[in-house]
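Colleague: quick one, structure for this:
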Amino acid sequence: MHVDQILTANKRAVDNYVFKALPPKHRTREINLLYGMLRDYPSRPSKGLRSSLCILTCQALGGSLQQVLPTAGALELFHNWILIHDDIEDASEMRRGKPVLHMKYNVPLAINTGDALHGRTWGVLLENEEILGSERTLRLAKEFLKMTNETTEGQHIELSWINQNRWDIKEQDYYLLCEKKTSWYTCIIPCRMGAIVADADEKTIEALVPFGLNLGIAFQITDDLLNLTADEKKYGKEGAGDISEGKRTLMLIKLLNSCTAEEKRRLLEILGKPREDKTSKDIQTVLNMMKKYAALDYAKKKASEFASKARKQYYSIFRKAPNKEAASKLSHLISFMIDRDW
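Modeller: Here you go, the predicted model:
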């Protein structure tokens with residue numbers, strides 16, 4: 001089965017579950033608007049990578065789709081409420097091919113919608129109690145809390161760099177950001193939660209941490225590259241938006257460490273501008289200098305190194321998986337995450 005078919009099938013199952021958990025309508029007009037906003041981001045086309053990682057890990061280790069649906073659904077809702085807040089914090093303009101929620105409505109309403117989705121997320125997660133019992137449900141809640149803490153710490157690091165206009169960022173600083181902001185939320189916890197639902201052994205559950213760490217870093221570097229190189233219609237966000245937002249990426253770190261003093265002065269002048277003051281010429285200047293110093297090629301090489309580590313760890317963990325078909329699908333999904341073009 002092609003990876004698109006795998007993602008589509010899992011996303012359909014998760015969406016069916018999630019939309020039953022989200023209230024459809026309310027007779028009070030204002031609350032009815034909130035209910036519509038709750039469904040906005042979840043209704044937009046998306047890949048559902050995190051929920052699929054959770055599902056396939058669970059199935060590969062002997063669990064079932066019905067067992068893992070509440071957990072996968074909670075992960076999907078978590079992803080959406082985080083995106084609503086992230087779009088506000090980054091002053092983003094597009095999300096999944098459409099205007100971001102705070103531009104479609106306004107910032108206060110969007111923040112409140114994110115808060116409301118956050119609450120609904122915990123409600124869906126706690127539905128595990130009827131399926132898995134109290135002990136595993138509590139363990140899943142602790143994993144969820146770990147993911148929330150790691151993600152918000154990572155976001156704080158990035159926002160602090162932007163707020164302080166810091167560009168003296170080292171490569172290891174960037175990898176820590178990827179670990180905090182991406183690896184735990186996108187890879188480690190979805191896989192661990194799937195394994196917990198499947199009642200996997202502790203050795204397997206712990207091995208998913210270094211695996212997810214490397215996969216997450218490879219995924220984030222790839223995502224940063226796609227922001228600069230992908231077809232905007234397929235990618236679903238504005239092209240080169242990371243430069244406009246002032247995001248510290250591996251390509252920029254490599255560039256700032258490679259260029260001349262005069263070029264660095266010019267770069268920092270551009271990068272230090274507020275988003276609304278950066279021109280298309282400014283963006284192109286940064287892109288041209290990245291190409292001049294092979295910063296994109298360097299980032300691709302590093303992504304490949306982390307991906308290679310993740311693939312070896314995958315094989316070690318899943319080579320004796322009870323469900324070979326699900327393990328094969330998981331392997332295809334991992335390859336897609338680090339080789340994708342959207």
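Colleague: going forward, measure contacts between C-alpha atoms and count neighbours the same way
Modeller: Fine.
Colleague: pretty sure L228 sits against T249.
Modeller: No: judged on C-alpha atoms under 8 Å, L228 makes no contact with T249 at a distance of 10.9 Å.
Colleague: which of the two has more neighbours?
Modeller: A count of neighbours by other C-alpha atoms under 10 Å puts T249 above the other of L228 and T249, at 22 against 17.
Colleague: report the separation between that one and I243.
Modeller: Using C-alpha to C-alpha, to the nearest Å, T249 is found at 9 Å from I243.
Colleague: show me where the stretch 201-342 of the chain dips below the pLDDT cut-off.
Modeller: 230-239, 342 (pLDDT under 70).
Colleague: 90 - rerun?
Modeller: 227, 229-242, 244-247, 272, 274-276, 338-342 (pLDDT under 90).
Colleague: please enumerate the strands of it.
Modeller: With strands called from DSSP state E, counting those that start in this stretch, the stretch 201-342 of the chain shows none.
Colleague: all helices for it, in order.
Modeller: 202-229, 232-235, 241-245, 250-258, 261-271, 280-292, 295-318, 324-339 (DSSP state H, counting those that start in this stretch).
Colleague: excluding chain neighbours, what is closest to the residue nearest to the spatial centre of the chain?
Modeller: The centroid of the chain falls nearest to T186 when counting by C-alpha atoms, centre = their mean (4.9 Å). Excluding the flanking residues, the one nearest T186 by C-alpha to C-alpha, 6 or more residues apart in numbering is R50, at 5.6 Å.
Colleague: repeat for V18
Modeller: Take V18 and drop its neighbours on the chain: the residue closest to it by C-alpha to C-alpha, 6+ apart is G73, 5.6 Å away.
Colleague: what's the burial count for that neighbour?
Modeller: Using other C-alpha under 10 Å, G73 is surrounded by 27 other residues.
Colleague: surely it touches D15?
Modeller: Yes: counting by C-alpha under 8 Å, G73 does reach D15; the two are 7.4 Å apart.
Colleague: quick one: contacts for the residue in the chain sticking out farthest from the centre?
Modeller: In the chain, the residue that sits farthest from the middle, by C-alpha atoms, centre = their mean, is E262; the gap is 35.8 Å. Not one residue lies near E262 by C-alpha atoms under 8 Å, 6 or more residues apart in numbering.
Colleague: ok, now Y293?
Modeller: Y293 touches L255, S258, C259, counting by C-alpha under 8 Å, 6+ apart.
Colleague: now it: phi and psi?
Modeller: Main-chain dihedrals, Y293, degrees, to the nearest 10: phi -100, psi 20.
Colleague: for it, give its distance to R275.
Modeller: 24 Å.
Colleague: repeat for S46
Modeller: 26 Å.
Colleague: and the two? Which one has more around it.
Modeller: For S46 versus R275, neighbours defined as other C-alpha under 10 Å are more numerous around R275 (18 against 15).
Colleague: once you drop chain neighbours, what's closest to that one?
Modeller: S244 (5.1 Å).
Colleague: and that neighbour, how many neighbours does it have?
Modeller: The burial count for S244: 25, using other C-alpha under 10 Å.
Colleague: I'd say it and I283 touch.
Modeller: Yes: in this structure, S244 is within contact of I283 by C-alpha under 8 Å, at 7.3 Å.
Colleague: neighbours around the nearest residue to I6 once chain neighbours are set aside, how many?
Modeller: Leaving aside its chain neighbours, I6 sits nearest to K329 (7.2 Å; criterion: C-alpha to C-alpha, 6+ apart). Around K329 there are 22 other residues, counting by other C-alpha under 10 Å.
Colleague: what sits against K329?
Modeller: M1, V3, I6, L56.
Colleague: so which of the residues you listed belong to strands?
Modeller: Among the contacts of K329, none falls in strands (DSSP state E).
Colleague: buried sites along the helix ranked longest in the chain?
Modeller: Longest among the helix segments of the chain by residue count, using DSSP state H, is helix 134-163. Residues of helix 134-163 classed as buried: 136-138, 140-141, 143-144, 147-151, 154-155, 157-159, 161-162 (neighbour count, 16 or more other C-alpha atoms under 10 Å).
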